[in-house]
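Trainee: heads up, no residue letters with this:
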C-alpha cells in the first residue's frame, strides 16, 4: 500500500488526531500554489478543509473560494459543492457518494466497454448548451498557462474549470456533484481540452490494466478526440504542469496517476 500513498505528497493515515480522517500536502508545487487538504469529523459531521502551506499560497485558497462561489450559482448538468472561507482556510461539507472513476473501475479489463461508458458520462456531465459556447480565441493569458500550441475551430466557455474530471465527481442522491474548483480560468480555453483531460487521467489511473490491451492514443481517439488534437492537448498539459510545478517538476502531477488503481469503500481524494 505504501507506494500507492507516496507518489507526490504526504498522506497521514492513523490516530495522530481522532478528528483527522485524511490529510495530504502538495509541497512540490510552486510556493504560490502549495496547499494542504484535510478531512475531519466534528460533532458527527465530516468536513473538507483546504489550507495554505506558504504565505504566498493564501491568495490561492481565496481564489478557490471565489471559483466555487461562481459555479455554485450557475445552473448546469453538474452541481458544485459549496464552501466557506474561514480565515485563510476553505471549508466545505464532505458529501458521501460514489466517485465516477470508481464506476469506471469495473470496466478496467474491458477497454471497449470503458470507452462506451466514458462517452455516456461525457454526454451527461460535460457537453454544454450551445448558448454557453464562445469561439476559442488565443490570448496572452492562455499562452502563459498553456503555451503556444492550441487547436483550431474550437469552442470555449466564459470561465472554465479544467479540474472538472471524473476523479473529482461523485454520484450522490442521483446527482453528479463536483468538489474541486482549484484550477479555474476566466480566459478562453478549448472546452474539449477538459474532456481530453478526464479521458487522459482516467487512462493513466487504470493504465496497469489497460496498457496491454489498448494504447493511450487509441483510447483517447476511441473516446472521440482526434490524433492531431490529442498531440496538441498533451503539449498544453505539459505547459500547465510547468505552470504549477515549474520546469523541473512538470511530471509530478500526471505521474501521480501512473500507479495501481485501488478501489475501496474509503474514497481517496485526488
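Mentor: On my side now, so go ahead. Owing to the predicted nature of the structure, the values given are computational and were not obtained by experimental measurement.

Trainee: from here on, just use CA atoms for contacts and neighbour counts.
Mentor: Fine.

Trainee: how about the helices in the stretch 51-200 of the chain?
Mentor: 58-72, 100-105, 111-125, 140-146, 191-205 (DSSP state H, counting those that start in this stretch).

Trainee: just for the stretch 51-200 of the chain, where's the confidence low?
Mentor: Applying pLDDT under 70 to the stretch 51-200 of the chain flags the ranges 75, 127-132.

Trainee: does residue 229 touch residue 151 like I think?
Mentor: Yes. Counting by CA atoms under 8 Å, residue 229 does reach residue 151; the two are 6.3 Å apart.

Trainee: sorry, back to before: now mean neighbour count too, for the helices of the stretch 51-200 of the chain, in a markdown table please.
Mentor: Putting the helices of the stretch 51-200 of the chain into a markdown table (neighbours: other CA atoms under 10 Å) gives the following:
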| stretch | mean neighbour count |
| --- | --- |
| helix 58-72 | 19 |
| helix 100-105 | 18 |
| helix 111-125 | 16 |
| helix 140-146 | 16 |
| helix 191-205 | 22 |
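
Trainee: could you save these as CSV and add columns showing distance to residue 86?
Mentor: Shown next, in CSV, are those (distance: least, CA to CA, whole Å):
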stretch, distance to residue 86
helix 58-72, 10
helix 100-105, 29
helix 111-125, 30
helix 140-146, 29
helix 191-205, 30
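
Trainee: residue 92 is nearest to which of these?
Mentor: Distances from residue 92 to each of the helices of the stretch 51-200 of the chain were compared using CA to CA; the minimum, 9.8 Å, belongs to helix 58-72.

Trainee: ok, residue 92 touching residue 81?
Mentor: Yes. Using CA under 8 Å, residue 92 is in contact with residue 81, at 7.2 Å.

Trainee: what number of residues lie near residue 226?
Mentor: 14 (other CA atoms under 10 Å).

Trainee: then residue 97?
Mentor: 16.

Trainee: then residue 230?
Mentor: Neighbours of residue 230 (other CA under 10 Å): 20.

Trainee: kindly report the same for residue 55.
Mentor: Neighbour tally, residue 55, other CA under 10 Å: 11.

Trainee: which ones are touching it?
Mentor: residue 32 (CA atoms under 8 Å, 6 or more residues apart in numbering).

Trainee: same deal with the one 3 residues further on?
Mentor: Residues counted as contacts of residue 58 (CA under 8 Å, 6+ apart) are 32, 51-52, 88.

Trainee: looking at those, which one is closest to residue 223?
Mentor: Distances from residue 223 to the contacts of residue 58, taken by CA to CA, are shortest for residue 32, at 34.9 Å.

Trainee: gap between the residue lying closest to that closest one once chain neighbours are set aside and residue 157?
Mentor: In this structure, residue 32 finds its nearest non-sequential neighbour in residue 57, 4.1 Å apart by CA to CA, 6 or more residues apart in numbering. Computed as CA to CA, to the nearest Å, the residue 57 to residue 157 distance reads 26 Å.
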